[in-house]
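A.B. asks: Return atomic coordinates for the entry below.
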Amino acid sequence: MKALVIEKPHQAVVKEVPIPTLKEDEVLIKVDSCGVCGTDIHIYRGDYLGTYPVIPGHEFAGVVEKVGSAVTRFKVSDRVAVEPNISCDNCSACLSNRQNFCENWSGVGVTRPGGMAEYVAAPEKAVFSIGSLPMEEGAFVEPLSCVLHGVQKTHFALADHVLILGSGPIGMLLAQVIKNQGSANITQLDRNEARLQAALSLGVDTVETSLDNLPLDYFDVVVDASGATFLMEESLKYVRKGGSVLLFGVPHKEALLSLPAFTIFKKGLTLLSSYTSVRNSIQAVRLLQNKKIEVSSLISHRLPLTEFAKAIEILESGSDNVLKVMMVP
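C.D. replies: Numbering: from 1, shown residues only. You can find the predicted model right below:
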């Protein structure tokens, strides 16, 4: 089969590799669409997770091509998406329902072959039916499940005023999920005006391009969806006393924050972070199927595997009105 292989940092090639050989509890999936995530870029750059060589891609959907002898939930031709974080279900973290911190964790597209290939194998327990949901929308199950985990951890309240820093695809997923929680007003910040217009079309109430236009000490919850340390640090200025800050964006692994300790104390703030998800994929599928979350408008580019370098270029530069890039094997 044809696959994109990151052989080592900064070196990715499309090549012929063997179709995966199934274990008895695995499902072989013919990939239809695979989203490019910031994590894929981090793996390509060599600065976050990943083992080499690796076929990247953990946001994907496709059709079941073959099932292992012990598989009972799926049959050939079923339409599915994958939860890429594979837990052992037997370590101390898993037994405490913290599978996202599994001591024996492996990840489809991170430490094991992923969805930027014609075929991918995944354990049955990590595969979820998407029914008639369009394949490209099914590829959003993984990022949406991460967003749901972060929102559930933060305990948004009815009529909250919320500020989201960053209006990329993750920022827009966060905005939609938070709106479903009953917020009174969502303000979204980004320098890219095209992205802000897209955010408005998805239900955001207010958009801003500059921190200078935001009220201080006002928002019940501030969410960083950028991963930029500057915005993470600035977030404390805009949250009200007794409010919460959710650091959701993925920073560089060597990044350090400088936070005013006395401000955190005086304002009585709750600072939270969120790492991947914990059994949120069924929720994500249901919300997508019921049109509670709209994702089709977030897809700006569809590229073949041979144009992975172009995908990275436009995502890192923010050019060409890029939002979500789908790789199509």
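A.B. asks: The top helix by length along the chain: which residues count as buried?
C.D. replies: Among all segments of the chain classified by DSSP state H, the helix with the greatest residue count is helix 141-154. Judged by neighbour count (16 or more other C-beta atoms under 10 Å), helix 141-154 contains these buried residues: 141-152, 154. C-beta coordinates here come from the backbone N, C-alpha and C atoms, glycine included.
A.B. asks: any idea which of the residues you listed is closest to residue 123?
C.D. replies: Taking C-beta to C-beta as the measure, residue 142 is the one of the buried residues of helix 141-154 closest to residue 123, at 14.9 Å.
A.B. asks: what's the burial count for the closest residue to the closest one other than its chain neighbours?
C.D. replies: Counting by C-beta to C-beta, 6 or more residues apart in numbering, residue 59 is the residue found nearest to residue 142 once chain neighbours are left out, at 4.6 Å. Residue 59 is surrounded by 29 other residues when neighbours are defined as other C-beta atoms under 10 Å.
A.B. asks: what would the buried residues of helix 141-154 look like in JSON lines with pLDDT?
C.D. replies: Formatted as JSON lines, the entries for the buried residues of helix 141-154 read as follows, by pLDDT from 0 to 100:
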{"residue": "141", "pLDDT": "98"}
{"residue": "142", "pLDDT": "97"}
{"residue": "143", "pLDDT": "97"}
{"residue": "144", "pLDDT": "98"}
{"residue": "145", "pLDDT": "98"}
{"residue": "146", "pLDDT": "97"}
{"residue": "147", "pLDDT": "98"}
{"residue": "148", "pLDDT": "98"}
{"residue": "149", "pLDDT": "97"}
{"residue": "150", "pLDDT": "97"}
{"residue": "151", "pLDDT": "97"}
{"residue": "152", "pLDDT": "96"}
{"residue": "154", "pLDDT": "96"}
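A.B. asks: Between these, which sits nearest residue 290?
C.D. replies: When the buried residues of helix 141-154 are compared for distance to residue 290 (C-beta to C-beta), residue 144 wins out at 12.5 Å.
A.B. asks: Show the contacting residues for residue 236.
C.D. replies: Residue 236 is in contact with 222, 245, 259, 260, 263, 264, 267, 269, counting by C-beta atoms under 8 Å, 6 or more residues apart in numbering.
A.B. asks: how much space between it and residue 21?
C.D. replies: Counting by C-beta to C-beta, to the nearest Å, the gap between residue 236 and residue 21 amounts to 51 Å.
A.B. asks: Contact partners for the residue most central in space within the chain?
C.D. replies: Centroid-nearest residue in the chain, with C-alpha atoms, centre = their mean: residue 143, separated by 2.8 Å. Taking C-beta under 8 Å, 6+ apart as the criterion, residue 143 is in contact with 35, 37, 59, 169, 170, 173.
A.B. asks: Okay, and the beta partners of the first one?
C.D. replies: The bridge-partner assignment for residue 35, based on DSSP bridges, gives residue 59, residue 326.
A.B. asks: follow-up on the earlier one: quickly name whichever of the contacts of residue 143 is closest to residue 86.
C.D. replies: Within the contacts of residue 143, proximity to residue 86 (C-beta to C-beta) peaks at residue 59, which comes in at 15.3 Å.
A.B. asks: if I read this right, that closest one contacts residue 136, doesn't it?
C.D. replies: No. Using C-beta atoms under 8 Å, residue 59 is not in contact with residue 136, being 10.4 Å away.
A.B. asks: Could I get the contacting residues of the closest residue to residue 327 other than its chain neighbours?
C.D. replies: Using C-beta to C-beta, 6+ apart and skipping residues adjacent in sequence, the residue nearest residue 327 is residue 34, 4.7 Å away. Residues in contact with residue 34 (C-beta under 8 Å, 6+ apart) are 57, 59, 60, 114, 115, 116, 139, 326, 327, 328, 329.
A.B. asks: thinking again about what came up before, select only the buried ones of the contacts of residue 143 in PyMOL?
C.D. replies: Buried subset of those, written as a PyMOL selection, criterion 16+ other C-beta under 10 Å:
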select buried, resi 35+37+59+169+170+173
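A.B. asks: Let's have the contacts of residue 143 in a markdown table, adding distance to residue 109 and pLDDT.
C.D. replies: As requested, these are arranged in a markdown table below (distance: C-beta to C-beta, whole Å; pLDDT from 0 to 100):
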| residue | distance to residue 109 | pLDDT |
| --- | --- | --- |
| 35 | 10 | 97 |
| 37 | 9 | 91 |
| 59 | 8 | 97 |
| 169 | 17 | 95 |
| 170 | 17 | 96 |
| 173 | 19 | 98 |
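A.B. asks: Let me have the contacts of residue 143 in a markdown table, extended by distance to residue 316.
C.D. replies: Shown next, in a markdown table, are the contacts of residue 143 (distance: C-beta to C-beta, whole Å):
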| residue | distance to residue 316 |
| --- | --- |
| 35 | 16 |
| 37 | 13 |
| 59 | 18 |
| 169 | 14 |
| 170 | 15 |
| 173 | 20 |
